[in-house]
Structures are given as structure tokens and as C-alpha cells.
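Engineer: Sequence first, predicted model second:
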Amino acid sequence: MKAAKNLSTNPVHFGCIALATLCGLALSTGCQVHVAGQTLPSGYYLMDDIQYFPAGSENKLANETAALKADREAARSRR
């Protein structure tokens, strides 16, 4: 009986293992990456949920503006 060849030294077998390993690594890693503070999109960014934030008031200091207006009106009425 002949001795069985060592399969790890067979170049075809080694190539198949290397290809399977590379394909497994490529499929297990996502496409979304963080680079220099940016989040770059995945390959599925067109199917992501849309986040909608409705426009708020243009005046971010509405309470302060109302208080100043009321104070001016009160000062005018005291004269």
C-alpha cells in the first residue's frame, strides 16, 4: 500500500483553503467603516431607514426673545 500524500502540501488543496479563507473574511467584514471621524456607508445604504427631523423654529432663542419683548413693553408702559 502506498502512503497517502500529505494534503497540506498539495498546491491545489492549499489554494482552495486560501480562497475559502479569503472569501470567509470578505463576507464576515462589513462595508461600513470609520475613517478620520467619518462613517462611510455600507453597501446597503440605499435600503436604510430614513431619519427625518422636521424643521424647528428659525429662532433658537424664542423664550429669550419673548422675555426681552415683554421687558421692553413693560419699560414703555412705565414711562
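Structural biologist: Great, that's in hand. Residues are numbered from 1 along each chain as shown.

Engineer: Just checking, which helix or strand of the chain averages the lowest pLDDT?
Structural biologist: Least confident helix or strand of the chain, by mean pLDDT, DSSP states H and E, is strand 33-35 with a mean of 72.

Engineer: low-confidence ranges in this structure?
Structural biologist: 1-8, 27-33, 43 (pLDDT under 70).

Engineer: could you pull out the helices for it?
Structural biologist: Along the chain, the stretches classed as helices by DSSP state H are 11-28, 62-78.

Engineer: Pipe those into a markdown table and attach mean neighbour count and distance to I50 per row.
Structural biologist: In short, each C-beta sits where N, CA and C put it, glycine included. As requested, these are exported to a markdown table (neighbours: other C-beta atoms under 10 Å; distance: least, C-beta to C-beta, whole Å):
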| stretch | mean neighbour count | distance to I50 |
| --- | --- | --- |
| helix 11-28 | 10 | 27 |
| helix 62-78 | 10 | 28 |
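
Engineer: Could you provide those in CSV, with additional columns for distance to Y52?
Structural biologist: Listed next are the helices of the chain as CSV, based on distance: least, C-beta to C-beta, whole Å:
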stretch, distance to Y52
helix 11-28, 33
helix 62-78, 22
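
Engineer: how much space between H13 and T39?
Structural biologist: H13 sits 40 Å away from T39, going by C-beta to C-beta, to the nearest Å.

Engineer: what's the answer for I50, then?
Structural biologist: Computed as C-beta to C-beta, the I50 to T39 distance reads 16 Å.

Engineer: Could you check which of these two has the larger neighbour count?
Structural biologist: Using other C-beta atoms under 10 Å, the more surrounded residue of I50 and T39 is T39, with 9 against 4.

Engineer: separation between the more buried one and A74?
Structural biologist: 50 Å.

Engineer: Compare the helices of the chain and give me the one nearest H34.
Structural biologist: helix 11-28 (17.6 Å; C-beta to C-beta).
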